[in-house]
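Undergrad: With the sequence up front, the predicted model follows.
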Amino acid sequence: MVLRCFSDEGDHTDTYFHSEPSLEKDYEILVVERVEWVPLEPLKRCFPQIKKKAQLHIYPMLPALRRLNEKHPFVYLVLADPRYIAADIRPLKDAGFVELRYQLAPLERIYTYLYASDAYLIHKRVEEVRQGEAVVPSAILMCLGVSTPIITSATEFAWFLEKEVMRYSTRDELCKLLIQTFEGDKIVDETLKSAEEYAIKYSPQRVAGKFLRLFAGLLGEEGR
């Protein structure tokens, strides 16, 4: 479908911009032709709502997960932030193995879900991390201490973690890691051990203790 929803012609007396098609129509790809002609102010105002309609991170992996589910049946729980329910979730609904819940779950409930799960899958696209940009994977760090292996895409998103997580670069690698997880392969125990060691080493208590000792030393109170 091609829609003409703006004009910026001549002396700009006929300028208009209709945001309704971008906000109300269902589509998978949005192409803006001759962006330099688009009235930018009205586009900027509605762009945050357009972004809310984007495909969820896991969509590129759905075909591989669907094939895997045929041989190794599983349930894939997706927690969708209610603020982004405008996204087109039909691909998730069409996948019979996906359980979609609209909730911004508190951390305690997330831990409950993780304790009951075989794996915590975090898919990040390469283009989500810009070159030279510092990234802190809080979604991973807050769950390292839970006895559930974390499987994530091989991007710079988790650049400082090594054996603490399991990485995949292709759909086939993802399926292989999930099968190993379902079957209790030794890689799961190795990953959980490394994750536990990391969580203990950088626990809030230990980090806070180092700061307290540093502050005490700077104030000349060490040893009092």
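TA: Arrived safely, thanks for sending. Predicted, not measured: the structure shown is a model, and the values here were computed from it.

Undergrad: Could you break this structure into its assigned domains?
TA: Domain ranges of the chain: 6-52, 57-104, 120-224, per automatic domain parsing.

Undergrad: Would you mind telling me which of those domains is nearest residue 112?
TA: Ranking those by proximity to residue 112 (CB to CB) places domain 120-224 first, at 9.9 Å. For every residue, glycine as well, the C-beta is placed using N, CA and C.

Undergrad: For the closest one, what is the distance to the chain centroid?
TA: 15 Å (CA atoms, centre = their mean, to the nearest Å).

Undergrad: I'd say residue 142 and residue 111 touch.
TA: No. The criterion here is CB atoms under 8 Å, and residue 142 misses it with residue 111 at 9.2 Å.

Undergrad: related to what we said a few turns ago, any chance of the domains of the chain in CSV, with mean neighbour count too?
TA: Compiled in CSV, the domains of the chain are given as follows (neighbours: other CB atoms under 10 Å):
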stretch, mean neighbour count
domain 6-52, 12
domain 57-104, 14
domain 120-224, 14
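
Undergrad: now these in a markdown table, with mean pLDDT?
TA: Converted to a markdown table, those look like this (pLDDT from 0 to 100):
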| stretch | mean pLDDT |
| --- | --- |
| domain 6-52 | 68 |
| domain 57-104 | 80 |
| domain 120-224 | 88 |
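
Undergrad: Following element in sequence after the helix or strand hosting residue 91, please.
TA: According to DSSP states H and E, residue 91 maps onto helix 90-94. Sequence-wise, the next helix or strand downstream of helix 90-94 (DSSP H and E) is strand 98-102.

Undergrad: which helices and strands sit right next to that following strand?
TA: strand 76-80, helix 90-94 (3 or more CB pairs under 8 Å, 6 or more residues apart in numbering; DSSP states H and E).

Undergrad: change it to 10 Å
TA: helix 62-71, strand 76-80, helix 90-94 (3 or more CB pairs under 10 Å, 6 or more residues apart in numbering; DSSP states H and E).

Undergrad: pull the CA atoms of that strand into CSV?
TA: Output in CSV follows, covering the C-alpha atoms of strand 98-102 (Å, rounded to 0.1, in the frame of the first residue of the first chain):
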residue,chain,number,x,y,z
VAL,A,98,3.8,-18.5,22.7
GLU,A,99,2.1,-17.4,25.9
LEU,A,100,1.7,-13.6,25.8
ARG,A,101,1.0,-11.7,29.0
TYR,A,102,0.5,-7.9,29.1
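
Undergrad: What is the subsequent helix or strand relative to it?
TA: Heading C-terminal from strand 98-102 (DSSP H and E), you reach helix 107-115.

Undergrad: could you check the angle strand 98-102 makes with that next one?
TA: Calculated by axes from the mean of the first three to the mean of the last three CA atoms, to 10 degrees, helix 107-115 forms an angle of 180 degrees with strand 98-102.

Undergrad: how about the helices in this protein?
TA: Listed in chain order, the helices of the chain (DSSP state H) span 20-24, 40-52, 62-71, 90-94, 107-115, 138-141, 171-182, 186-201, 204-218.

Undergrad: TSV please, covering the ones you listed and showing distance to residue 6.
TA: What follows is the helices of the chain, written out as TSV (distance: least, CB to CB, whole Å):
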stretch	distance to residue 6
helix 20-24	10
helix 40-52	8
helix 62-71	34
helix 90-94	28
helix 107-115	42
helix 138-141	37
helix 171-182	38
helix 186-201	50
helix 204-218	51
